[in-house]
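A.B. asks: This is the structure alone, sequence omitted:
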């Protein structure tokens, strides 16, 4: 079972700082904790739940802070120097008992790097984020609301949460007497852009809304083909962890009795999985070829699994017994095709590539 990983940023305003490393004191523009009005960030991580240090996971993060309608700091960069944390600017506590809200993102809250339509104010913290289909980057978010210096003796926690969806594919053999080798997995017509909105009433809570009409295909190609377990008893992992926008994609609606060609599915942004594979029986290739341009041929499977849950990793199990062809007709060497979805587990860093999940399967 995958364990949960939570990154915790602890904000200290005091004369003595506690750190997760030997180099404990955070230096910010030449100042240190002797300046009580300055907010200092000390990244730490629960070592019981990860093998990685905080700086291995986040090299930098960006903080905006508001006290009422007053901007206390906007998109202030904190970064790892290789031995300690530093920042470009400082954030100061408001005077007296005034409260302050902190919002933090693992990427700059500015145009570029997948982020657009940024709105930073005391009334709204939102932006659009695009998950690149070539080199997807994770996005971690945190907030701490309505806090004062005296509330927690100057200590403010920022609990970073994983904000995207992190599925991976496994596949079981469902055809007796054949060998199936999978070289490539492509998921077509996923939404790739969403609008994230921070909840202004709850710490480290936010919501996603997909931006319609923005889609992408996500691909994984293996150096060597993955051979399914010929006994059909073991599910073999056929993809690494994906990073996707949380969503429930529109499933390709083709069926045995009412075919929908891929060209029409693409026009309507209907989602499907493409498996480039070989099927071998008694030494003969009944799908694909031993070599040449058509060495691996495609089988297509409708896909509409719900990935709206934020910050979770989920195994998607395919039982391979066939699928559909480009024209929407059925391809069944010996049967059909089904997709099984396992229950959610908390997303985490450093999921072992071939880790088996202790979870109950649910067939859709």
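C.D. replies: Structure received. What you see is a predicted model; the values in this text were computed from it and never measured.

A.B. asks: Off-centre distance for whichever helix in the chain runs longest?
C.D. replies: Across the chain, the longest stretch assigned as helix under DSSP state H is helix 262-267. On the basis of CA atoms, centre = their mean, to the nearest Å, helix 262-267 sits 27 Å off its chain's mean C-alpha point.

A.B. asks: Residue 175 and residue 286 touch, don't they?
C.D. replies: No: between residue 175 and residue 286 there is no contact under CB atoms under 8 Å: 10.0 Å. The way it works is simple: take the backbone N, C-alpha and C, and place the C-beta from them, glycine included.

A.B. asks: Specify which residue of those two has the higher count of neighbours.
C.D. replies: Counted by other CB atoms under 10 Å, residue 175 and residue 286 do not tie: residue 175 has more neighbours, with 21 against 12.

A.B. asks: which secondary structure element contains the residue lying closest to residue 121 once chain neighbours are set aside?
C.D. replies: In space, and not counting its chain neighbours, residue 121 is closest to residue 66: 7.5 Å by CB to CB, 6 or more residues apart in numbering. Using DSSP states H and E, residue 66 falls within strand 60-67.

A.B. asks: list the contacts for the residue located most distally from the centre of the chain?
C.D. replies: Note on the chain: the largest C-alpha distance from the chain mean falls to residue 282, namely 41.4 Å (CA atoms, centre = their mean). Neighbouring residues of residue 282 by CB atoms under 8 Å, 6 or more residues apart in numbering: residue 177.

A.B. asks: now swap in residue 126 and tell me
C.D. replies: By CB under 8 Å, 6+ apart, the neighbours of residue 126 are 117-119, 195-198.

A.B. asks: List the residues that are in contact with both of residue 175 and residue 286.
C.D. replies: 279, 333.

A.B. asks: Please pull up the helix or strand immediately following the longest helix of the chain.
C.D. replies: strand 272-281.

A.B. asks: After that following strand, which helix or strand is next?
C.D. replies: Assigned by DSSP H and E, the successor of strand 272-281 is strand 284-287.

A.B. asks: so what secondary structure elements neighbour that following strand?
C.D. replies: strand 272-281 (3 or more CB pairs under 8 Å, 6 or more residues apart in numbering; DSSP states H and E).

A.B. asks: And for the residue nearest to residue 322 when sequence neighbours are not counted, the neighbour number?
C.D. replies: Once flanking residues are discounted, residue 322 sits nearest to residue 332: 3.9 Å by CB to CB, 6+ apart. For residue 332, the count of nearby residues is 14 (other CB under 10 Å).

A.B. asks: From here on, call the first residue 19.
C.D. replies: Understood, numbering begins at 19; the last thing we discussed is residue 350.

A.B. asks: Which pLDDT value belongs to residue 350?
C.D. replies: According to the prediction, residue 350 has pLDDT 78.

A.B. asks: Check the spacing between it and residue 129 real quick.
C.D. replies: Plainly put, residue 350 is 49 Å away from residue 129 if you go by CB to CB, to the nearest Å.

A.B. asks: ends of stretch 223-235, how far apart?
C.D. replies: Taking CA to CA, to the nearest Å as the measure, stretch 223-235 stretches 28 Å from start to finish.

A.B. asks: Would you map the helices across this structure?
C.D. replies: Under DSSP H, the chain gives helices at 72-75, 280-285.

A.B. asks: Deepest-packed of these, please.
C.D. replies: Among the helices of the chain, the stretch with the highest mean neighbour count (mean count of other CB atoms under 10 Å) is helix 72-75, at a mean of 18.
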